[in-house]
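> coords please:
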Amino acid sequence: ECGFKSNEVKCGGAIPRFGTKMILSVTTSDDLAREVLKSDTAGIRIPELDLTLEEGGLDGLYTTVEGLVNKMHERLRLANPFGSGDAATKQHLTNDGTEFSAPAPSHVRYKNFLQALKDLADGKRFPFSLELKDPLSNSFIGPTHADATALLRQAQREGTNHCYDSYSDKGLRIEQYVRTFQQNEMLGLNDMKTEGYTQDGSADGPTNYGTDQQEDLPERRVHIRGPDHPNEAN
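Below you'll find the model as predicted:
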């Protein structure tokens, strides 16, 4: 046993008609502890740092807001092998054989950028916005632990789940959008044909079972942790 662990997630299921954009306002450490399901098709943006990871730029994973930002920091840090060790501190900007030069301005800016990203994950810099844009609507941002616990206790007390229907997350805004042709092309949806590609020999031609049609999924703007969540109220 090598002890390898991974929280990578592969999403599946029906293809929704619309994509989803979620904008979370992170103002406290409670927001950093929110659960996040980021699919492998979702893109991430933090406007305060002018940081954008394009759709598919990070593996799908189930984590928290803090864990997601740390994952981005780790990926960007490892993407620059010259950002650590002697390559980061002992540089020659010229070939004149003199002493080591001061770090290049581009290296200093990149190092400061990584530190700012780490500060967001460590809760040293509030507020900031976290945007998840998923063309397949497979991503999720949960409520704060306090809200989730209060909802669960209310549902248990009332014996119904109606409280979840009226719940509104003040820190999360969710928008639906129509995918562009390019997004559908990258996802392989433009040429997808599951019916009518062969004849079944009947006089009326092949039967259409409706699987070529994208589904209208349930209301995507109500993202909460429901009563079947494994973390029960204490």
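> which residues in the protein form strands?
19-26, 35-38, 43-46, 51-53, 61-64, 128-134, 140-141, 172-177 (DSSP state E).
> With distance to Leu187 and mean pLDDT as added columns, please give those strands in JSON lines.
Using the backbone N, CA and C atoms, a C-beta is placed for each residue, glycine as well. Shown next, in JSON lines, are the strands of the chain (distance: least, CB to CB, whole Å; pLDDT from 0 to 100):
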{"stretch": "strand 19-26", "distance to Leu187": "10", "mean pLDDT": "96"}
{"stretch": "strand 35-38", "distance to Leu187": "16", "mean pLDDT": "95"}
{"stretch": "strand 43-46", "distance to Leu187": "13", "mean pLDDT": "97"}
{"stretch": "strand 51-53", "distance to Leu187": "17", "mean pLDDT": "95"}
{"stretch": "strand 61-64", "distance to Leu187": "19", "mean pLDDT": "93"}
{"stretch": "strand 128-134", "distance to Leu187": "11", "mean pLDDT": "97"}
{"stretch": "strand 140-141", "distance to Leu187": "19", "mean pLDDT": "94"}
{"stretch": "strand 172-177", "distance to Leu187": "14", "mean pLDDT": "94"}
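> right, so of these, which gets closest to Gly12?
Nearest to Gly12, of all the strands of the chain, is strand 35-38, at 13.0 Å by CB to CB.
> Mind listing the strands that closest one pairs with, and their directions?
strand 61-64 (antiparallel), strand 140-141 (antiparallel) (DSSP bridges).
> Show me the residue at the heart of the protein, geometrically.
Lys38 (3.3 Å; CA atoms, centre = their mean).
> Name whatever forms a beta bridge with it.
Leu61.
> Just the residues contacting stretch 40-56, thanks.
9-11, 38, 57-60, 68-69, 72, 113, 116-117, 120, 128-136, 138-139, 183, 186-187 (CB atoms under 8 Å, 6 or more residues apart in numbering).
> Whichever of those end up buried, select them in PyMOL.
Here is the PyMOL command that picks out the buried ones among those, judged by 16 or more other CB atoms under 10 Å:
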select buried, resi 9+11+38+58+60+68+69+72+116+117+120+128+130+131+132+133+134+135+136+138+139+183+187
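> my read: Gly142 touches Ala148, true?
Yes. In this structure, Gly142 is within contact of Ala148 by CB atoms under 8 Å, at 6.7 Å.
> And the helices in the chain?
Here the chain has its helices, by DSSP state H, at 29-32, 65-78, 86-89, 105-121, 145-158, 162-165, 181-186.
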